[in-house]
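Participant: could you look at this predicted model? Sequence included:
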Amino acid sequence: MSPRTEPSFAELVDDWFAHAARPLPWRAADVSPWAVLVSEFMLQQTQVSRVLPRWTAWIERWPTPAALAAAPPAEAVRAWDRLGYPRRALWLHEAATEIVERHGGEVPSGLEELLALKGIGPYTARAVAAFAFGERHPVVDTNTRRVLARAIDGRAHAGAPSTARDLAAMSAQLPVERAAARRFNAGAMELGATVCTARTPDCEACPVRSRCAWLAAGRPDDGAPRRRQARYEGSDRQVRGIVLAELRAAHAPVDRELLGTRWGDAAQLERALVTLVADGLAVAGAEGYSLPDA
């Protein structure tokens with residue numbers, strides 16, 4: 001009788017993910033590569049709960065890259081609504097146009113082709129290749145880095161990101177078989193997002209608790225500094241958001257004087273307008289400000 005083989009770290013995560021995965025629509029078996037790409041744009045630094053309604057409305061309105069490319073950029077900014085970091089809406093619109101022009105309207109599967117699209121960096125390119133096309137690539141986000149730091153390295157915090165180091169750490173755990181690798185990429189992210197969280201990890205519910213070096217060491221705190229999010233109230237970000245809300249609601253240029261009634265600090269308002277124009281989110285004209293190509 002051959003000795004029983006213990007499941008690998010990846011197998012434990014994959015088995016847990018099979019029953020614990022949240023039923024997110026972009027994970028459906030029949031979802032298109034374009035829908036996956038849209039989800040990855042929207043999920044950058046944004047909570048899933050905020051993305052869900054925007055993603056659903058977006059895919060219903062623009063189910064293909066060609067559909068979005070045919071719309072004015074202003075409509076993309078309007079549909080983005082208050083999702084945050086609105087330049088992503090313009091980048092997604094430009095990426096859709098590039099997909100139509102370079103790839104016949106079909107999202108490419110290769111990393112180099114994906115990286116050449118507007119707004120797509122190393123993480124997003126690998127995520128789309130892995131989740132939309134089943135390609136075997138390590139996909140690393142903040143949640144994955146935390147899981148590996150704790151379970152494999154015994155550290156409470158992952159430390160500063162390093163593309164080379166992070167990809168190597170994930171590659172060391174990635175199954176060889178493509179479908180298993182895809183599940184592990186998604187499962188490691190899910191584990192960090194729902195169980196191995198930054199502040200209150202639920203170690204009792206963790207599928208890899210028997211292998212976790214951090215738990216075995218007594219969950220030591222390595223003292224890594226925690227980043228504090230900059231205050232939003234009164235910030236330039238808030239002023240930009242107020243201006244964009246006015247421009248989204250209007251279908252004609254908005255006068256500078258009217259914008260001044262929405263925010264009393266003239267210097268801060270001017271900074272917001274200058275940066276919005278520089279980012280391509282607003283256009284200054286003789287009659288006031290408007291969304292691009294509105």
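Facilitator: All right, it came through fine.
Participant: name the nearest residue to the residue nearest the centre of the chain, ignoring sequence neighbours.
Facilitator: Central residue of the chain (Cα atoms, centre = their mean): residue 44, 2.3 Å from the mean position. Spatially, and ignoring its direct neighbours in sequence, residue 44 is nearest to residue 88 (6.6 Å; Cβ to Cβ, 6 or more residues apart in numbering). From N, CA and C alone the C-beta is placed, and that goes for glycine too.
Participant: what separation is there between the residue nearest to the centre of the chain and residue 230?
Facilitator: Residue 44 is 17 Å from residue 230, where distance means Cβ to Cβ, to the nearest Å.
Participant: again, but for residue 121
Facilitator: Residue 121 sits 22 Å away from residue 230, going by Cβ to Cβ.
Participant: likewise for residue 116?
Facilitator: Counting by Cβ to Cβ - residue 116 and residue 230 are separated by 32 Å.
Participant: and for residue 239?
Facilitator: 14 Å.
Participant: okay, the two: which has more neighbours?
Facilitator: The residue with more neighbours, out of residue 239 and residue 230, is residue 239; 22 against 8, by other Cβ atoms under 10 Å.
Participant: quick one: that one is in a helix?
Facilitator: Yes. Membership of residue 239 in a helix is supported by DSSP: H, G, I helix; E, B strand; the rest coil.
Participant: what's the closest non-adjacent residue to it?
Facilitator: Closest residue to residue 239 apart from its sequence neighbours, by Cβ to Cβ, 6+ apart: residue 272 at 4.0 Å.
Participant: let me see the mean pLDDT of the helix or strand hosting that neighbour.
Facilitator: When secondary structure is defined by DSSP states H and E, residue 272 falls within helix 266-278. Computed over helix 266-278, the mean pLDDT rounds to 93.
Participant: low-confidence ranges, the protein, go.
Facilitator: Low-confidence segments of the chain (pLDDT under 70): 1-4, 224-229, 294.
Participant: got the residue ranges for the strands in it?
Facilitator: Using DSSP state E, the strands of the chain run over 283-285, 288-290.
Participant: so which of the ones you listed comes closest to residue 163?
Facilitator: Residue 163 sits nearest to strand 283-285 of all the strands of the chain, at 35.3 Å, using Cβ to Cβ.
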